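**Q** Provided below are the primary sequence and the corresponding predicted coordinates.
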Amino acid sequence: MAFSELFQEYPNRNAELRSLAKQCYEFGKTIAKEPSAALSSGLDAHAIKRQLSYVEHAVHMVEALHAKPLPDMPASHPITFPIQMTDQYITFTTNVAGDEIPLNESTELLSEYWMITAVELAKSQSAALAGSLVEFDYTRAINNLGVLSKLLVELQERPILDLPETAEPGSTVGVATKKK
């Protein structure tokens, strides 16, 4: 399956899970549009702080959803709450020559993990329930958010690379001339 195939509408019957999946999807859209995406690599301190707050928020939402009992709604369930995740993330930009070039690999990887987390929630067994998260879906969501958190910690420890000559594929560098 290609990553682009993840961007679609997902059937869902769990209103709170819909909200959680949509927020994870939106967090991925946010990092894909960060000013850091224009860097050759890494994330600035503001982006890291923002993303860490998103991970913390998502963990709290997963834990709260998992802690709730499964609701008994015989008169209204199943009702549909489709999860709309069709708008693809921005992962490419255009260089001076008009060619599409990849954005910052760090922001792209983070946005991909957010989308994968959102889709794992949207395609989970819990999406068919009236509410709550089954144990397997809870464990999977916490694990996916742990991967995001670990990646952000790693990015925080890495300096932003200085790649002025190679930051834009196809850029030309003048030939050095010897001073007389």
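**A** Noted; the coordinates are in hand.
**Q** surely Leu133 meets Leu65?
**A** Yes: using CB atoms under 8 Å, Leu133 is in contact with Leu65, at 5.0 Å. All C-beta atoms are positioned from the backbone trio N, CA, C, and that covers glycine.
**Q** what is in contact with those two at once?
**A** Common contact partners of Leu133 and Leu65 (CB atoms under 8 Å, 6 or more residues apart in numbering): Leu17.
**Q** so where is this protein shaky, pLDDT-wise?
**A** The model of the chain has pLDDT under 70 over residues 91-96, 99-103, 163-180.
**Q** can you pull out the helices in it?
**A** Ranges of helices in the chain, per DSSP state H, are 15-32, 45-67, 105-122, 135-157.
**Q** compute the inter-axis angle for the first one and helix 135-157.
**A** Yep, that's helix 15-32 we're talking about. With axes from the mean of the first three to the mean of the last three CA atoms, to 10 degrees applied, the angle from helix 15-32 to helix 135-157 works out at 20 degrees.
**Q** helix 15-32 to helix 105-122, inter-axis angle?
**A** Using the same axes, to 10 degrees: helix 15-32 against helix 105-122 is 170 degrees.
**Q** which strands and helices lie in contact with helix 15-32?
**A** Helices and strands touching helix 15-32, by 3 or more CB pairs under 8 Å, 6 or more residues apart in numbering; DSSP states H and E, are helix 45-67, strand 83-85, helix 105-122.
**Q** of all these, which one is nearest Pro74?
**A** Nearest to Pro74, of all those, is helix 45-67, at 21.1 Å by CB to CB.
**Q** who's in contact with that closest one?
**A** Under the criterion CB under 8 Å, 6+ apart, residues 16-17, 19-20, 23-24, 27, 30-31, 34-36, 43, 107, 110, 117, 131-133, 135, 138, 141-142, 145, 148-149, 152, 155-156 lie in contact with helix 45-67.
**Q** mind checking which of those are buried?
**A** Buried subset of the contacts of helix 45-67 (neighbour count, 16 or more other CB atoms under 10 Å): 16-17, 20, 23-24, 27, 30-31, 34, 36, 43, 107, 110, 117, 131-133, 138, 141, 145, 148-149, 152, 155.
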